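A.B. asks: coords below, sequence missing:
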């Protein structure tokens, strides 16, 4: 038992006098070095802090790249959680709505920006963008991408990091065997697909893979390619449905016509089936996200290295101007449930910057496509993916966007259902598109 | 005197003691009551509230909607078709699994020694996560590089791959086959346990009387198993109505809507269109429909139980 007097004496401390003096010296030295310490802390300002990032599964390589680069730069740790691409919005919404608030930064498909904003899942970053615009350089974003990806209800809700669009990829070896050239119209596409399938079906080789799985991001992308090709659009200037225009039906007919000669069967062909089929040389054509050009040149997973090329999506009908469809495409937003919103914003600025974007573009397997003028035209990107860059430059700036309002998930689901009925031979294209238009009109008007 | 007093006291105290006893009982039962209220009543109340409101996944109970969600659900041909489709899947699946499960159980019983090994093996599909069951069968049925297509081509039965999951009729068959693979062992185990409980003496007596194996099964085993079989059938029927995971993985409700069951359609309303109000209304309609459809089956099962017990 110790007395109060004992407790006050130095001898009662479990450290010796020599150690105490050493400690005091260190303290004094520490005070003297404090300014240098602060400078060091500024360089690694998120040392010991962490953020939780939700990202779609196909971008998991990009997520890891960002986490490593962020930690190297700031000392901060990023925990990456990958979720299936068709469950992104539900996962983000449930995270906030349930009060779990696990995520600080969420990845969103741009068509969901209106719904996420309307439901209070993501944070309005209009003022932050204005405050940091010198750093962000919003004018560097491609105009066709920046607004559809971030703007809803007159406010900005995130920053783009992946400007997805489809190109038509074709296998030059198969085309060469049949003396064919890349198609420029949807009629030529169909002719080539039929010719190759008829000649090589017995060997398990088909003219085309048509992504027709019932998820909007899959079958919707195949339809939007044709809609853009026929010069169509989704919404009129007043925001009403444009599915009553002739291009909408023409596009649906072109989709249906493509099915019989395609890899069996379009209804079962999603991202996961289409990609390996093309990379293994089993299909001659595929409409796919432009990063396929990087996968195709990677000998680890591709049997068609140097045996492919990419062109812009064909045109159809009276339309003679090629237009790319902005199929998918992703941006980062701050989750409204995050308690580290400024920290999250710093990460988003870093992850969506031109420098980081270029790094991602040059990383095999990242799944990232250009969204800025500077990255699209960067010499490094031209050298890394010359065929893809050539096809994208000059066309991406005028891409056809999908609807992105609060009702967008319902609209695209309705359309995907009707398109699936066309591919299942249960509805004629005219009938299905008329039904989709009727439902769109009701949803938009409600 | 003392006795009379104590009797009087006891009489006076009796109501108080009974009250205390009742209170004691109530307090003992309260955890159960609270748990039931939390797990049954609360979700039901929440479901009703959601169904009467304009609710999205992000903003539930946004606005009063009255019966608008029910009107939309009952006027939606896709949902109404999904109800009948659920029934069309549930009854054959439960019946097929009952027949196969009983046959498997009889086989286990016959192979007494091997029975234990078979029982352990039978547990494997049950222990496999449903999503993995779907993935495995998807690889079997796939048109491009699928196992079944490979066998059929090797056997010279087809010259071009068949799209099992892309054709309306085959997709339904594929789901029934995958479901049967997963759940038949469960039925078999329940039947096996019931067969083990049958009296050997009755069987022995029948054997001595010269009854054949078929006669013993038809006139002794089957009648004695009827109560168990009826209960198992009902159980599987209710479970089969909730079919979701195999549809999600194998066909995603397609081709078109041909394999879209109500469970899958409700999921789509809530998690693809984010219309939670309509999904809640659809759930309540589905519950009503299942109760209505199962009621005759349940009555028939009770009658059979009464007759053979």
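C.D. replies: Cool, the structure landed. On a predicted model such as this, the values are computed, not experimentally measured, just so you know.
A.B. asks: would you map the helices across chain B?
C.D. replies: Per DSSP state H, chain B carries helices over the ranges B:2-36, B:42-51, B:68-74, B:77-110, B:112-127, B:130-141, B:147-154, B:168-196, B:200-208, B:213-216, B:222-241, B:245-246, B:262-271, B:276-308.
A.B. asks: right, and those - which one's nearest residue A:275?
C.D. replies: Among those, the nearest to residue A:275 by CB to CB is helix B:130-141 (16.5 Å). Glycine gets a C-beta too; all of them are placed from N, C-alpha and C.
A.B. asks: nearest residue to residue A:327 in space, please, no chain neighbours.
C.D. replies: residue A:221 (3.7 Å; CB to CB, 6 or more residues apart in numbering or on different chains).
A.B. asks: per-residue pLDDT, the residue in the stretch 301-446 of chain A positioned nearest to chain B?
C.D. replies: Nearest to chain B in the stretch 301-446 of chain A, going by CB to the nearest CB, is residue A:424, at a distance of 3.7 Å. Listed pLDDT for residue A:424 reads 91.
A.B. asks: count the residues that sit near residue 137.
C.D. replies: Just so you know, I chose chain A. For residue A:137, the neighbour count with other CB atoms under 10 Å in any protein chain shown is 14.
A.B. asks: look at chain B instead
C.D. replies: For residue B:137, the neighbour count with other CB under 10 Å is 25.
A.B. asks: that one and residue B:177 touch, don't they?
C.D. replies: Yes. Here residue B:137 reaches residue B:177: they are 7.4 Å apart, a contact under CB atoms under 8 Å.
A.B. asks: mind checking which helix or strand of chain A has the lowest mean pLDDT?
C.D. replies: Within chain A, no helix or strand scores below helix A:4-8, which has a mean of 37 by mean pLDDT, DSSP states H and E.
A.B. asks: quick check, the residue nearest to residue A:327 in a helix?
C.D. replies: Yes. Residue A:221 forms part of a helix when assessed by DSSP: H, G, I helix; E, B strand; the rest coil.
A.B. asks: neighbours of it, how many?
C.D. replies: By other CB under 10 Å, 24 other residues sit near residue A:221.
A.B. asks: OK, contacts around the closest residue to chain B within the stretch 201-350 of chain A?
C.D. replies: Using CB to the nearest CB, the closest approach of the stretch 201-350 of chain A to chain B is made by residue A:265 at 3.6 Å. By CB atoms under 8 Å, 6 or more residues apart in numbering or on different chains, residue A:265 lies in contact with A:212, A:259, B:143, B:163, B:166.
A.B. asks: check contacts around the last one.
C.D. replies: The reference is to residue B:166. By CB under 8 Å, 6+ apart, the contact list for residue B:166 reads A:264, A:265, A:267, A:268, A:424, B:143, B:254, B:255.
A.B. asks: over to it: give its phi and psi.
C.D. replies: In terms of degrees, to the nearest 10, the main-chain angles of residue B:166 are phi -100, psi 0.
A.B. asks: once you drop chain neighbours, what's closest to it?
C.D. replies: Of all residues not flanking residue B:166 in the chain, residue A:265 sits nearest, at 3.6 Å (CB to CB, 6+ apart).
A.B. asks: again, but for the second one
C.D. replies: Once its chain neighbours are removed from consideration, residue A:259 has its nearest residue in residue A:266; the separation is 4.9 Å (CB to CB, 6+ apart).
A.B. asks: thought that neighbour was touching residue A:424?
C.D. replies: No. Using CB under 8 Å, residue A:266 makes no contact with residue A:424, being 9.8 Å away.
A.B. asks: for these two, indicate the residue with more neighbours.
C.D. replies: A count of neighbours by other CB under 10 Å puts residue A:266 above the other of residue A:266 and residue A:424, at 29 against 23.
A.B. asks: tell me, what's the model's pLDDT at that one?
C.D. replies: pLDDT recorded at residue A:266 is 92.
A.B. asks: and it, how far from residue A:196?
C.D. replies: Noted for residue A:266: a distance of 16 Å to residue A:196, by CB to CB, to the nearest Å.
A.B. asks: now do residue A:299
C.D. replies: According to CB to CB, residue A:299 stands 24 Å off from residue A:196.
A.B. asks: just residue B:231 next, same as before
C.D. replies: For residue B:231, the distance to residue A:196 (CB to CB) stands at 58 Å.
A.B. asks: neighbour count: those two, which is higher?
C.D. replies: residue A:196 (25 against 16).
A.B. asks: ok, the more buried one - contacts?
C.D. replies: Contacts of residue A:196 were listed using CB under 8 Å, 6+ apart, and they are A:174, A:178, A:180, A:205, A:206, A:207, A:208, A:261, A:284.
A.B. asks: a markdown table please, covering these and showing pLDDT and distance to residue A:417.
C.D. replies: Output for the contacts of residue A:196, formatted as a markdown table (pLDDT from 0 to 100; distance: CB to CB, whole Å):
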| residue | pLDDT | distance to residue A:417 |
| --- | --- | --- |
| A:174 | 97 | 33 |
| A:178 | 96 | 36 |
| A:180 | 96 | 35 |
| A:205 | 94 | 31 |
| A:206 | 96 | 26 |
| A:207 | 97 | 27 |
| A:208 | 97 | 23 |
| A:261 | 96 | 24 |
| A:284 | 97 | 29 |
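A.B. asks: of these, grab the buried ones for PyMOL.
C.D. replies: Those of these that count as buried under 16 or more other CB atoms under 10 Å in any protein chain shown are selected in PyMOL with:
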select buried, chain A and resi 174+180+205+206+207+208+261+284
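A.B. asks: dump the contacts of residue A:196 to a markdown table, plus distance to chain B.
C.D. replies: A markdown table is the format used below for those (distance: CB to the nearest CB, whole Å):
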| residue | distance to chain B |
| --- | --- |
| A:174 | 16 |
| A:178 | 20 |
| A:180 | 23 |
| A:205 | 11 |
| A:206 | 9 |
| A:207 | 14 |
| A:208 | 13 |
| A:261 | 12 |
| A:284 | 15 |
